[in-house]
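>>> Okay, sequence plus prediction incoming.
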Amino acid sequence: MAIVVGVENYQPRREGQILANVDFARNDAEAFADVLKSIYPAERLSLTLLRDSEATCASLKNDLGFAIKSLAPDDLFIFYYAGHGFHGAGGNRITAWDSNSLNIEGTTLLLREVLRDPLTASSCKRAVAFVDACASGFMAVGRDVVTSMNPHELTEFLGAATYSAMFLSCTPGEKSYPATALQHGVWTYFLLKALRGDAEEALGPEPYLTDTALRDYLRSEVPRYVTREMQVRGNQTPQAIITASNTFAIRQVPDRVAPVVPAGDLSRVRAPIVREYVESVQSGAIKSLPDFDKARGHFVPKFVTVATTKFVDGLLAPDIDKEIQELYETTKEVFKLRRNDIPHSSGNGQDSLDTEFFRFSIDAHQDNDDPAKYVIVKRLELRDAPDVHLEKIDEVFGSMFDEVVVDVDADALDFHDLVNLFEAIQAVATFYFAVLVKGFGWDASTTRVALSFVISGLGIGFCVFCHVVMLHHHDQICEYRDKIL
């Protein structure tokens, strides 16, 4: 059962009473509905799509009420909303086509009344909500609503079902940006990509798109796009409020059959790079963290739950926040930047630092595979043409990272030829640079290749140098092999 709403254009009124348009909200809703149709057979999907004038206060109340009342225990309820939203007049609210800025309480919908309370009263056990919304008194360009929404009240939504999640397009205080180049809101664009199964990095080995994998994917890709591809100063950091006894699957993506190419044909090996970054991953026992204290009632978790996740985040947050603040101060000094030139965010072990030269992020959380451990992932993505600034970047980060990761799309690669290719690259790398190729991951169903180099203790400049030279030898190796064949 799905209710999908997109309010881009609001009811015409007198000057000063008209709510600002929400760019691409209609397109977002239509695309989301199309994705649901591609995932679920028509006989299993009950879908209501409301756009602009179809999404009046009355129709939203009626359709949501009827849909939720009819839910059975085994049903999955999905709610998607793109439009204006805010916190006021009694709680978190979303707008309708006929909402009036002079009568907010009477012409908007209280999420508690139309979503949370009805779900609590229903027999529904599974519910997922996606909110791409904006607030700020409806005055600003963008969808910056969740800036004003009350996170505590949003969390209460989760008590309405056994397996439930609410995905939000941005963090309070931020905007949710539309992108003309994408013809979508940035967050919804990457949400759609993940739901379609086109974001291999968001899928597990089965492959399943899980609640936590989607959360991590959106939190990584949305800020990266905003900072690298858009001329805006602000950040956009998606949020997810999840409750479940364990990780749950949002969908399973069917295996894709890659076309078979003639034996020995390496003409398609020159695959485009999707993403490249340097990274370090640190893990350890939760009980070894400085703030872990049995005298205060702390205990080592045996499972991954909402409560244990928050507990571990709280233990990790002080050190992570301190580190991001120190890096912020160092970056400001080394690059001679002002405060507004370095957007940064911190909280709950999810921290980031953005400049025109690089994007740095830290993701600290409980280990999903071993609940008694924590994981800290530090990642640095360089902007285009970073060579001029490598010495300064090295001065900021030093030898923090120990892997170079390059993701490439490689349609129709033959597995054995691919192994031979990377063995050849490994020999070149080891001989010329004493850099050891750690290995690569290959998924036959998605033809995504991830190549990692161990760079133990070396600076960012050397990492980039090795990467450039490796790409150069990649072409040479392919050309040499083609001649032999």
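In hand now; what should we look at? Numbers count the residues shown, from 1 in each chain.
>>> And for Tyr208, the neighbour number?
Number of residues near Tyr208 (other Cβ atoms under 10 Å) recorded here: 16. C-beta: built from backbone N, CA, C; applies to glycine.
>>> Repeat that for Ser280.
Ser280 has 16 nearby residues by other Cβ under 10 Å.
>>> part of a strand, is it?
Yes. Counting by DSSP: H, G, I helix; E, B strand; the rest coil, Ser280 is located in a strand.
>>> who's in contact with it?
By Cβ atoms under 8 Å, 6 or more residues apart in numbering, the contact set of Ser280 is 377-378, 400-403.
>>> same question, Tyr374
Taking Cβ under 8 Å, 6+ apart as the contact definition, Tyr374 lies against 283-286, 289, 312, 315-316, 364-367.
>>> if we can go back for a sec, now distance to Val253 too, for the contacts of Ser280, in a markdown table please.
As requested, these are exported to a markdown table (distance: Cβ to Cβ, whole Å):
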| residue | distance to Val253 |
| --- | --- |
| Val377 | 24 |
| Lys378 | 29 |
| Met400 | 34 |
| Phe401 | 31 |
| Asp402 | 31 |
| Glu403 | 26 |
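>>> Next, format those as a markdown table and append distance to Phe357, secondary structure and pLDDT.
Listed next are these as a markdown table, based on distance: Cβ to Cβ, whole Å; DSSP: H, G, I helix; E, B strand; the rest coil; pLDDT from 0 to 100:
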| residue | distance to Phe357 | secondary structure | pLDDT |
| --- | --- | --- | --- |
| Val377 | 21 | strand | 91 |
| Lys378 | 17 | strand | 93 |
| Met400 | 16 | coil | 91 |
| Phe401 | 16 | coil | 89 |
| Asp402 | 21 | coil | 84 |
| Glu403 | 20 | strand | 84 |
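>>> Please tabulate the residues you listed in JSON lines, including the columns neighbour count and distance to Val334.
Output for these, formatted as JSON lines (neighbours: other Cβ atoms under 10 Å; distance: Cβ to Cβ, whole Å):
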{"residue": "Val377", "neighbour count": "16", "distance to Val334": "24"}
{"residue": "Lys378", "neighbour count": "22", "distance to Val334": "18"}
{"residue": "Met400", "neighbour count": "17", "distance to Val334": "14"}
{"residue": "Phe401", "neighbour count": "23", "distance to Val334": "17"}
{"residue": "Asp402", "neighbour count": "20", "distance to Val334": "22"}
{"residue": "Glu403", "neighbour count": "17", "distance to Val334": "24"}
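>>> rewinding a little: ok, of the contacts of Tyr374, which come out buried?
Among these, the ones that count as buried by 16 or more other Cβ atoms under 10 Å are 286, 289, 312, 315-316, 364-367.
>>> and which of those residues is nearest to Asn92?
His365 (26.1 Å; Cβ to Cβ).
>>> Val312 is in contact with the closest one, correct?
Yes. With contact defined as Cβ atoms under 8 Å, His365 reaches Val312; the gap is 6.7 Å.
>>> and Cys57, what is it in contact with?
96, 98-99, 107-109.
>>> Scan those residues and report the most crowded one.
In terms of neighbours by other Cβ under 10 Å, the contacts of Cys57 top out with Ala96 at 28 neighbours.
>>> where's it relative to Pro318, distance?
Applying Cβ to Cβ, to the nearest Å, the value for Ala96 to Pro318 is 43 Å.
>>> cool, Pro238 as well?
Distance from Pro238 to Pro318, by Cβ to Cβ: 24 Å.
>>> Looking at these two, which has the bigger crowd around it?
In terms of neighbours (other Cβ under 10 Å), Pro238 is the more surrounded of Pro238 and Pro318; the figures are 27 against 13.
>>> of all the contacts of Ser280, which comes closest to Leu64?
Of all the contacts of Ser280, Val377 has the smallest distance to Leu64: 38.3 Å, by Cβ to Cβ.
>>> which one is the closest one nearest to, not counting chain neighbours?
Asp363 (4.6 Å; Cβ to Cβ, 6 or more residues apart in numbering).
>>> from what I can see the one you found touches Tyr217, true?
No. Under the criterion of Cβ under 8 Å, Asp363 makes no contact with Tyr217, lying 11.6 Å away.
>>> quick one: common contacting residues for those two?
By Cβ under 8 Å, 6+ apart, no residue touches both Asp363 and Tyr217.
>>> quick one, phi/psi of His184?
Note on His184: backbone dihedrals following degrees, to the nearest 10 are phi -150, psi 170.
>>> so it sits right up against Ala29, yeah?
No. The pair His184 and Ala29 does not pass the contact test of Cβ under 8 Å, sitting 10.3 Å apart.
>>> shaky segments in the stretch 201-350 of the chain?
The model of the stretch 201-350 of the chain has pLDDT under 70 over residues 205, 244-247, 256-275, 344-349.
>>> do that again at 90, thanks
201-213, 224, 226-237, 239-279, 304-307, 309-310, 313-314, 317, 321, 337-350 (pLDDT under 90).
>>> so where do the helices sit in it?
Assigned helices in the stretch 201-350 of the chain, in chain order: 211-229, 306-335 (criterion: DSSP state H, counting those that start in this stretch).
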